[in-house]
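> 3D, please:
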Amino acid sequence: MSPETSQPPRVVLLPRRARPFYGRHPWVFAGAVASVEGAAADGDVVDVYSHAGHFIARGIYNSRSKIRVRLYAWSADIPLDQDFFRARIEDALQLRASLPGFLGPGKACRLVFSEGDGLSGCTVDCYDRWLVVQFTALGLAQRRDLFAQLLAERLQPEGIYLRTERGIGRLEGIELQDGLLWGQTPPGPVIVEESGVRFLVNIGEGQKTGFYLDQRDNRQAVARLAGGRRMLDAFCYTGGFGLHAARSGALSVDGVDVSEPALTLARENVRLNGLDNLSFVRADVFQHLQKLAEAGGRYGLVVLDPPKFARARNAIEEALGGYRRLQTLALRLLEPGGILVTCCCSGLITAGMLEDLLAQLAAGERRAIQLLERRGQAPDHPVMVTCPESSYLKCLISRVV
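Numbers count the residues shown, from 1 in each chain. From the prediction side, this is the model:
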C-alpha cells in the first residue's frame, strides 16, 4: 500500500474458505483466493475479506508465492508500519528475556521465530554480539533495511548478517543474497556457550544460520543419558549432541557427517572444550551405518538427526522410507538397553508417524522398544497454537531392550 493510499487493496476469499483465518492461521494460500480488488503489487499491504464481504485480517501480498497473503494483524485499525514491527520484535525479545540462560554475553538464541512470534517469514538469531536474519517471505525481505534498523536500535549488536535459504527464496521471489546488513562481520567464527559447552559458529556458512539452536534442550536431555555409554552421533554437523554427551561422561563419541566444513568445525570444537574422546568421519551416513552394522559395531547410544527429508506432501512416503532404513540400521548397532534418539525436522512428518515406524521396527526386529520421552523444539522457538506448522521438530528418545 503506497503512502497516499488510504485503503489497502482487498483479497477476497472463495466461499467457505474464511474459517482458518478467523482462527488466526497466518497463511492464505492461492487456492483460497477468489479475487483481488485494487492494484496489489508484490510486497504490498492488503486486507483479506470473506466472500460475504466481511473484514478478516491484514497482511502482505505476494502473487509469486503459493502463500498468496501472510497475515499479521486481525484489525483494520492496525497499520503494518514501523511501529507495528517494532512492537512485534519487542514482544519476542521480552519472551527470550524471561527464559533463564538464553540471553547474555556469549549466548546463542533465536530472538524471532517467524510464525511463532507473529512475524511470518522472518527469523532472527543471536550469536554473542552478532545477529543473523533470515527472510522466507518476500514482503518482509523487501523491508530488510527497516528490520535491520529496528534490531540495531534495540540491541546494538556488533553486526547484522543476512542469510537467504535458496530453495524458499526462489519460491518466494526473494533476491538470493547473503551479506552484511548493518555493522561489521565477525573476524572469524563466533564462540558461543551452551550449558557449559562452547561452540564455534560460522554465521556466514553452514546449515540454517550456523547452528541448530532448536535442539538446545534435546542436546541436554541426551547428555543426561550418555554417561558410561559409547555413542554414535549420525548427521553430527558441528558436534552438538556429541560434545554435550562427551562432557557428561560418554565413554566415546563417533560422529559421522557428509560435510567436511562442518566436521572441521566439530574437531575445532573438541579442542575448544579440551575433550579427547570424540572422533569424526566424513561419509554418507546410510552407507557408514551399514558398514558398521556389517562389522558388528555396537553402541549404547545412537543419535539420528538427519536433514529435512520431506519438503512436500508427495515426498512423505519416501521420507518415511528413509527414517525406516535409518532406524533399522541404528537398532542393529544398539546393545541391549541402549538408547535410540530419533530427530525429525520435517514438519510434514508427525510424531505419530515416527512412533508407528518404531512399533513396526520393534515387531520386525523382535526387540522391545520403550519410548522414554517425546520432545520438540527449544522454547526460543515457540509454537503458535493457531499455526500447527510452527511445531516442526520431533525428538523421540527410546530404550531398546
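> Dump stretch 152-159 to PDB, restricted to CA.
Included here for stretch 152-159 are C-alpha records, laid out as PDB according to Å, rounded to 0.1, in the frame of the first residue of the first chain:
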ATOM      1  CA  ALA A 152      20.200  -2.300  15.600                       C
ATOM      2  CA  GLU A 153      18.400   0.400  17.600                       C
ATOM      3  CA  ARG A 154      17.100  -2.100  20.200                       C
ATOM      4  CA  LEU A 155      20.000  -4.500  20.600                       C
ATOM      5  CA  GLN A 156      23.100  -2.500  19.500                       C
ATOM      6  CA  PRO A 157      24.900  -5.600  18.100                       C
ATOM      7  CA  GLU A 158      28.300  -5.600  16.500                       C
ATOM      8  CA  GLY A 159      26.800  -6.600  13.200                       C
END
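> Give me the distance between the closest residue to residue 55 other than its chain neighbours and residue 83.
Leaving aside its chain neighbours, residue 55 sits nearest to residue 76 (5.3 Å; criterion: CB to CB, 6 or more residues apart in numbering). Just so you know, the C-beta spots here come from the backbone N, C-alpha and C atoms, and that holds for glycine as well. Taking CB to CB, to the nearest Å as the measure, residue 76 falls 16 Å from residue 83.
> Same question for residue 374.
40 Å.
> do the same with residue 390
Taking CB to CB, one finds residue 390 at 24 Å from residue 83.
> quick one, which of the two is more surrounded?
More neighbours surround residue 390 than the other of residue 390 and residue 83, with 20 against 11 (other CB atoms under 10 Å).
> Pretty sure residue 266 sits in a helix.
Yes: counting by DSSP: H, G, I helix; E, B strand; the rest coil, residue 266 is found in a helix.
> Now do the buried residues in stretch 294-304.
Using 16 or more other CB atoms under 10 Å as the test for burial, stretch 294-304 gives 299, 300, 301, 302, 303, 304.
> show me what contacts residue 199?
Residue 199 is in contact with 108, 191, 192, 193, 211, 238, 239, 240, 243, 269, 272, counting by CB atoms under 8 Å, 6 or more residues apart in numbering.
> run the last query once more with 6 Å
Residues in contact with residue 199 (CB atoms under 6 Å, 6 or more residues apart in numbering) are 192, 269.
> what's across from residue 49 in the sheet?
Note on residue 49: beta-bridge partners residue 12, residue 55, judged by DSSP bridges.
> Next, work out how far apart residue 51 and residue 224 are.
53 Å.
> Can you name the next helix or strand after the longest helix seen in the chain?
Counting residues, the longest helix found in the chain (DSSP state H) is helix 316-333. Elements were assigned by DSSP states H and E; along the chain past helix 316-333, the next helix or strand is strand 334-344.
> Contacts for that next one next, please.
222, 225, 298, 300-305, 330, 354, 394-401.
> which stretches of this structure form helices?
Counting by DSSP H, the helices of the chain are 19-22, 82-97, 138-141, 144-155, 166-172, 216-223, 240-247, 260-272, 285-294, 316-333, 351-365.
> Would you mind confirming that residue 34 is in contact with residue 16?
No: Residue 34 is beyond contact range of residue 16, at 11.1 Å (criterion: CB atoms under 6 Å).
> the more surrounded of the two?
A side-by-side neighbour count of residue 34 and residue 16, using other CB under 10 Å, places residue 34 first with 14 against 9.
> in this protein, what spans have low per-residue confidence?
Scanning the chain for pLDDT under 70 picks out 1-5.
> what does the domain assignment say about it?
10-73, 82-183, 212-400 (automatic domain parsing).
> now these in a markdown table, with distance to residue 203?
Formatted as a markdown table, the domains of the chain follow (distance: least, CB to CB, whole Å):
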| stretch | distance to residue 203 |
| --- | --- |
| domain 10-73 | 26 |
| domain 82-183 | 5 |
| domain 212-400 | 12 |
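> Please give me every residue in contact with residue 140.
121, 122.
> make that residue 398, sorry
So residue 398 contacts 340, 369, 371 (CB under 6 Å, 6+ apart).
> cutoff 10 Å now
Contacts for residue 398 (CB atoms under 10 Å, 6 or more residues apart in numbering) come out as 327, 331, 334, 338-342, 355, 358, 361-362, 369-373.
> what do you get for residue 212?
Taking CB under 10 Å, 6+ apart, we find residue 212 in contact with 206, 218-219, 237-238, 240-241, 305, 343, 345, 377-378, 393.
> try residue 328
289, 290, 293, 357, 360, 361, 364, 365.
> Just the buried ones out of the residues you listed, please.
289, 293, 357, 361.
> Widest-spaced pair of those residues?
Farthest-apart pair in the buried ones among the contacts of residue 328 is 293 and 357; separation 17.8 Å (CB to CB).
> quick one, which of the helices of the chain is nearest to residue 61?
Here helix 138-141 is closest among the helices of the chain (CB to CB), at 7.2 Å.
> Output the contacts of residue 212 as a markdown table; include the columns distance to residue 94 and neighbour count.
Shown next, in a markdown table, are these (distance: CB to CB, whole Å; neighbours: other CB atoms under 10 Å):
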| residue | distance to residue 94 | neighbour count |
| --- | --- | --- |
| 206 | 29 | 19 |
| 218 | 25 | 26 |
| 219 | 25 | 23 |
| 237 | 31 | 23 |
| 238 | 30 | 29 |
| 240 | 27 | 26 |
| 241 | 30 | 30 |
| 305 | 31 | 24 |
| 343 | 29 | 23 |
| 345 | 27 | 20 |
| 377 | 19 | 25 |
| 378 | 17 | 22 |
| 393 | 23 | 20 |
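> between those residues, which is closest to residue 312?
Nearest to residue 312 among these, with distances taken as CB to CB, is residue 345, at 14.8 Å.
> separation between residue 347 and residue 11?
Using CB to CB, we find residue 347 at a distance of 25 Å from residue 11.
> Was I right to think residue 156 contacts residue 130?
No: between residue 156 and residue 130 there is no contact under CB atoms under 10 Å: 11.7 Å.
> Mutual contacts of these two, please.
By CB under 10 Å, 6+ apart, the residues touching both residue 156 and residue 130 are residue 183.
> The two: which has the busier surroundings?
Applying other CB under 10 Å to residue 156 and residue 130 shows that residue 130 carries more neighbours, namely 21 against 9.
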